[in-house]
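K.L.:
Here is a sequence with its predicted model. Questions after.
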Amino acid sequence: MATLNTTTNDIAVPTAKLQDVHISESELPLSSPSTEDLHTKFTTLLLPQLSEKASINLPSDNEFKQNTARWSDTTFTSPTAVVNVASESDICAVVKFATSHNIPFLAQSGCHGLSSSLQKLSGKPHIIINLRLMNEVKVDLPSGTATISAGAITKEVLDAAHAASAHIFTGVCNTVGIIPALLGGGMGNQISLYGLGVDQILSARLVTAKGEVVVASDKENQDLFWGIRGAGHNFGIVSELKVKAYEQENGGVHWTGTLGFPGSKEMLTRVTSTIKEMRIGKGMGVFMIWARPPPAFGPMVVLNLWYSGPSSSAEAAYKPLFDLEPVMEICAPTPYAHINDCNDAVCAKGLRKPSYCVGLDESELGDLEKVWEQWVEWSASEGAGQSVVLTECYGFEKAREVEDDSTAYAWRGTGVYNRLTIPIYEKEEMDAEARAYGTKFRDTLQGDGPKRVYTNFANGDEEPSALYGGGERLEKLRTLKGKWDPHGVFAWFNPIC
């Protein structure tokens, strides 16, 4: 068995998983205690209950700013304190303390949660539960399993898997918390090899709203096991996840390529038509980015490509795209641990980045042409030049082998390609303009079609049915919510109610 412990230099005192947890507004006290009173309670009542490695950061502490930094400044919530937990018992202690004192809380790992629903915490005393100290990843390839602790991020999982000559499903951003990404559905290149992220989950240890630990699997608490695979943020804080591990492909050496095309509607049409006609098969993945890269800062269509085999096979598989004569080509064999590095620029923290996402199936890829001019105009405006449009194009055949109702994830059968625009800017004064642009982009793509939004990319203003499906599926989730979290403690990140 291989175990990888990594130091968490990315955050001042570890932070944890993207599972954002909370207490409903109706549960808040009519008059909140003063900040000074809360700080006293944190240091005198909570801190003694925590393990030796745990700590608490108050706003006056040097580590506070680093430990509250998020991928998007639009989701910063001005917490009253950060509790850097180091063990499952620490999580239990914080949850019990917070609920007994009517203090909302939010658990984080990679701090990439996009939803504007988090802003309901702003202006209220609340705690950030920072899970990053709990970042251990254990790989047991002979048993085909890996155990991931609450605060591990994607890059740590890739590193551990590569060190063990294994593969573990991840998304495409190195700094995202791996557990919350999987709980929301689990999108990434490796869908074409292994299916959705939720299909990798074998069991979970979860801290409930009572501060108690339960195990969810196909043998224990089966109803909860169904619910956390697609809507996991609504039921608790997963302290540990057991997932599938696989024999590595091609000796652990994959292929990645970045192709750049001149930005025009005509070229976009050629690119999207080629992707539609070119079957995205096993071991393939395409991540499309509209951006204005230096030095010219003109519009470009950039494709980050992935292939799980040798260069010769990759170049043959993607030949139709090479035949379009890209003006930029950066392609190379890539160790498995580094397959996401090409996306690092998009994953960097800071600036304001609201998300406007639409899920459309493969046949609707060409609809992107409808919003090209909208993005060009917006990104050309002062202060908005870093804004992007992202489109995930993955192979869904493996995912469709699993029954649609086997997990709470709603959009398996449709093979949804996520398209989202992210207005990126610095000044809060641009929020209204960015909202107008993003909403128009989303509405134009959505049209009169079914509303399907990937939970992890949701803006936060959508109806729950757009994220979790409607009808019996949503009612089943709400029944589970009533059983496992009747007081709505976990209700700040894209709630089902």
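P.N.:
Right, received. Where do you want to start?
K.L.:
which non-adjacent residue is nearest the spatially most central residue of the chain?
P.N.:
Nearest residue to the geometric centre of the chain (Cα atoms, centre = their mean): A181, 4.1 Å. Distances taken as Cβ to Cβ, 6 or more residues apart in numbering place G171 nearest to A181, at 4.9 Å, with adjacent residues excluded. C-betas here are computed from N, CA, C, even on glycine.
K.L.:
H162 too?
P.N.:
Leaving out its chain neighbours, the residue that sits closest to H162 by Cβ to Cβ, 6+ apart is A337, at 3.9 Å.
K.L.:
Which secondary structure state does that neighbour sit in?
P.N.:
Look at A337: counting by DSSP: H, G, I helix; E, B strand; the rest coil, its state is helix.
K.L.:
Check the gap between it and H254 for me.
P.N.:
Per Cβ to Cβ, to the nearest Å, A337 is found 10 Å from H254.
K.L.:
thinking again about what came up before, ok, the residue nearest to A181 touching L183?
P.N.:
No: look at G171 against L183 with Cβ atoms under 8 Å: they stay out of range, at 11.9 Å.
K.L.:
Who has more neighbours out of those two?
P.N.:
For G171 versus L183, neighbours defined as other Cβ atoms under 10 Å are more numerous around L183 (31 against 28).
K.L.:
in the stretch 251-400 of the chain, which spans are helices?
P.N.:
265-277, 311-317, 319-322, 372-379 (DSSP state H, counting those that start in this stretch).
K.L.:
now R442, nearest residue through space, not along the chain?
P.N.:
Leaving aside its chain neighbours, R442 sits nearest to Y356 (4.3 Å; criterion: Cβ to Cβ, 6+ apart).
K.L.:
how near is the one you found to W375?
P.N.:
11 Å.
K.L.:
intersection of neighbour lists for those two?
P.N.:
Both Y356 and W375 are in contact with 421, 441, where contact means Cβ atoms under 8 Å, 6 or more residues apart in numbering.
K.L.:
the more surrounded of these two?
P.N.:
Taking neighbours as other Cβ under 10 Å, Y356 and W375 compare with Y356 leading, 28 against 23.
K.L.:
what's across from that one in the sheet?
P.N.:
Y356 has the following beta-bridge partners by DSSP bridges: T421.
K.L.:
cool, and the one 4 residues further on?
P.N.:
Here L360 shows beta-bridge partners Y417, assigned using DSSP bridges.
K.L.:
burial count for it?
P.N.:
Neighbourhood size, L360 [other Cβ under 10 Å]: 23.
K.L.:
so it makes contact with G366?
P.N.:
No: using Cβ under 8 Å, L360 makes no contact with G366, being 9.8 Å away.
K.L.:
Below-threshold pLDDT in the stretch 301-450 of the chain: ranges please.
P.N.:
By pLDDT under 70, the low-scoring segments of the stretch 301-450 of the chain are 415.
K.L.:
any idea where the strands of it begin and end?
P.N.:
Using DSSP state E, counting those that start in this stretch, the strands of the stretch 301-450 of the chain run over 328-335, 356-360, 388-394, 417-422.
K.L.:
just the strands in the stretch 151-300 of the chain please.
P.N.:
Taking DSSP E, counting those that start in this stretch, the strands of the stretch 151-300 of the chain run over residues 166-167, 201-207, 213-217, 237-244, 246-247, 253-262, 284-291, 300-307.
K.L.:
Touching whichever helix or strand E36 is part of from outside, list them.
P.N.:
Element membership of E36 [criterion: DSSP states H and E] is helix 35-41. With contact meaning Cβ under 8 Å, 6+ apart, helix 35-41 is reached by 33, 58, 80-81, 101, 103, 125.
K.L.:
What of stretch 265-285?
P.N.:
172, 188-193, 249, 261, 286, 288, 301, 303, 305-309, 317-318, 320-321, 324, 362-363, 365-366, 368-369, 372-373, 393-395, 397-398.
K.L.:
Please indicate which of the residues you listed are buried?
P.N.:
For the contacts of stretch 265-285, a burial check counting by 16 or more other Cβ atoms under 10 Å picks out 172, 188-193, 249, 261, 286, 288, 301, 303, 305-309, 317-318, 321, 362, 365, 368, 372, 393-395, 398.
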